[in-house]
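Trainee: below: sequence and its predicted model.
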Amino acid sequence: MKEGNGKQLADVKATSTQSAPVVEETQGTFVKEQFLASAKYSHQDKDVLGALLEDGRLYTASEAQQVIEDFKNKEAE
């Protein structure tokens, strides 16, 4: 009986390590309106996203954050 329990635990560990990279690679995607409705972003960040994100296109949160950072780091003309 101990062998069976140990084997099941080993199977669980193997399964969780195998699926971990998949979870890390998978990010949700959102349209511009969802970012604008989110409480995560400041009013200024929402203004940037509203101006720079394309309507109907899907973005990950990382992509949206990168748009904000790129805009903030851009030199004034």
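Mentor: Perfect, I can see it now.

Trainee: use CA for all of it now, contacts and neighbours both
Mentor: Fine.

Trainee: for Asn5, give me the pLDDT.
Mentor: Note on Asn5: pLDDT of 49.

Trainee: Gly56 too?
Mentor: 95.

Trainee: how about it, phi and psi?
Mentor: For Gly56, the backbone dihedrals are phi 80, psi -10 (criterion: degrees, to the nearest 10).

Trainee: pretty sure it is touching Gln34, no?
Mentor: No: with contact defined as Cα atoms under 8 Å, Gly56 and Gln34 do not form a contacting pair (10.8 Å).

Trainee: ok, Gly50 - how many residues close by?
Mentor: 15 (other Cα atoms under 10 Å).

Trainee: so which bits of stretch 27-42 are buried?
Mentor: Using 16 or more other Cα atoms under 10 Å as the burial criterion, the residues of stretch 27-42 that qualify are 32, 35-36.

Trainee: pLDDT (mean, whole number) over that stretch?
Mentor: 95.

Trainee: mind listing residues that contact that stretch?
Mentor: 46, 49-50, 53-61 (Cα atoms under 8 Å, 6 or more residues apart in numbering).

Trainee: convert the C-alpha atoms of that stretch to CSV, please.
Mentor: Extracted in CSV, the C-alpha atoms of stretch 27-42 (Å, rounded to 0.1, in the frame of the first residue of the first chain):
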residue,chain,number,x,y,z
GLN,A,27,-1.5,34.7,-20.7
GLY,A,28,-5.0,36.0,-21.1
THR,A,29,-5.7,38.4,-23.9
PHE,A,30,-8.0,41.4,-23.7
VAL,A,31,-9.4,44.1,-25.9
LYS,A,32,-8.8,47.8,-25.4
GLU,A,33,-12.1,48.4,-23.6
GLN,A,34,-11.3,45.8,-21.0
PHE,A,35,-8.0,47.6,-20.1
LEU,A,36,-9.9,50.9,-19.9
ALA,A,37,-12.4,49.5,-17.5
SER,A,38,-9.8,47.8,-15.3
ALA,A,39,-9.0,49.2,-11.8
LYS,A,40,-5.4,48.1,-12.3
TYR,A,41,-4.4,51.2,-14.4
SER,A,42,-4.3,54.8,-13.4
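
Trainee: nice, that's everything, thank you.
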